[in-house]
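Participant: below: sequence and its predicted model.
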Amino acid sequence: MSEIGLQEGERVLARFRADRGTYIREHVMLAALGAVGMSALLMAIGNPYPWTGVVGSIIAIAARGLYAASEQLGFVWTLTDRRLVGPSERDIALGEIEAVNTLFTAAQVVTRRGDKYLLKYQPDASETARRIMEACGGR
């Protein structure tokens, strides 16, 4: 029995944890995009201080990153030979997984019912998706 409550005979195939370096890189990218976007918007509306878009974006994304870091980096998804178990009691039978897509640094699991789950801040989202689909029988 493990922290996820393995069923009799169930085997853990992989654990997917959020990666701190990936988390930081994604937030730096978001801050840069936000800075460019906000400065361009401020220039377009004639604001005489477009540099405030840079400052505001960096402060906002940094604050969000610091605030959410401990929660986001604490998430662990466990892949077994029967299911994918995630935070907040998410438990997805492998037979219910329709597809696994990648979105930047996240692997998005889509179920047959249309539910979507994100395994965020993966160091290699394509590899995470591949391993999950392989466990599902390569569909």
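Facilitator: Okay, I see it.

Participant: how is the chain divided into domains?
Facilitator: What automatic domain parsing lists as the domains of the chain is 12-17+75-135, 20-73.

Participant: hey, which of these is tucked in deepest?
Facilitator: Of all the domains of the chain, domain 12-17+75-135 has the most neighbours on average by mean count of other Cβ atoms under 10 Å, namely a mean of 17. (C-beta placed from N, C-alpha, C; glycine too.)

Participant: quick one, grab the pLDDT at the residue most central in space within the chain.
Facilitator: Geometric centre of the chain, nearest residue: residue 120, 1.2 Å, by Cα atoms, centre = their mean. We have a pLDDT of 97 for residue 120.

Participant: report the contact partners of it.
Facilitator: Taking Cβ atoms under 8 Å, 6 or more residues apart in numbering, we find residue 120 in contact with 18, 72, 75, 105-106.

Participant: which SSE is residue 65 in?
Facilitator: According to DSSP states H and E, residue 65 maps onto helix 51-74.

Participant: the residue lying farthest from the centre of the chain and residue 57, how far apart?
Facilitator: Distance from the C-alpha centroid of the chain peaks at residue 48, with 37.4 Å (Cα atoms, centre = their mean). For residue 48, the distance to residue 57 equals 18 Å [Cβ to Cβ, to the nearest Å].

Participant: and for residue 51?
Facilitator: Distance from residue 51 to residue 57, by Cβ to Cβ: 11 Å.

Participant: low-confidence stretches in the protein?
Facilitator: 1-3, 138-139 (pLDDT under 70).

Participant: please redo it, this time with the cut-off set to 80
Facilitator: 1-4, 138-139 (pLDDT under 80).
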